[in-house]
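J.: just the structure for this:
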Amino acid sequence: MSTLTQNSMTNHHAPGLIQQVSETIHVWHERYRTRRELTNWTARDLHDVGLSWTDIAFEADKPFWRA
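T.: Reported below is the predicted structural model:
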């Protein structure tokens, strides 16, 4: 027979603080990188995906912490 304890009821799969911080930094870095990459797209690239230079400028001007 097993006995339930507080420890056995804990969700051991929840990410810890360090993992959460790491994931947040990764997301911020990807936003920064992709927004900078957008500024290098050609007019043809933008046309292909249906974006304008105004759309790109708006997105590129966002700080990395904003989605």
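
J.: the chain: helices as residue ranges?
T.: 17-38, 43-49, 53-60 (DSSP state H).

J.: neighbours of Ile56, how many?
T.: Counted with other Cβ atoms under 10 Å, the neighbours of Ile56 add up to 17. C-beta coordinates here come from the backbone N, C-alpha and C atoms, glycine included.

J.: hmm, I was thinking of Trp53
T.: A count of nearby residues for Trp53, using other Cβ under 10 Å, gives 11.

J.: so what's it closest to, chain neighbours aside?
T.: Leu46 (6.9 Å; Cβ to Cβ, 6 or more residues apart in numbering).

J.: still on that earlier bit, now render the helices of the chain as JSON lines, adding distance to Arg66 and mean pLDDT.
T.: JSON lines is the format used below for the helices of the chain (distance: least, Cβ to Cβ, whole Å; pLDDT from 0 to 100):
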{"stretch": "helix 17-38", "distance to Arg66": "8", "mean pLDDT": "94"}
{"stretch": "helix 43-49", "distance to Arg66": "21", "mean pLDDT": "93"}
{"stretch": "helix 53-60", "distance to Arg66": "10", "mean pLDDT": "92"}
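
J.: let's have these in a markdown table, adding distance to Ala67.
T.: Output for the helices of the chain, formatted as a markdown table (distance: least, Cβ to Cβ, whole Å):
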| stretch | distance to Ala67 |
| --- | --- |
| helix 17-38 | 8 |
| helix 43-49 | 19 |
| helix 53-60 | 11 |
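
J.: residue contacts, the residue nearest to Trp53?
T.: Residues counted as contacts of Leu46 (Cβ atoms under 8 Å, 6 or more residues apart in numbering) are 52-53, 55-56.

J.: and of those, the nearest to Glu30?
T.: For the contacts of Leu46, the closest approach to Glu30 (Cβ to Cβ) belongs to Ile56, at 16.9 Å.
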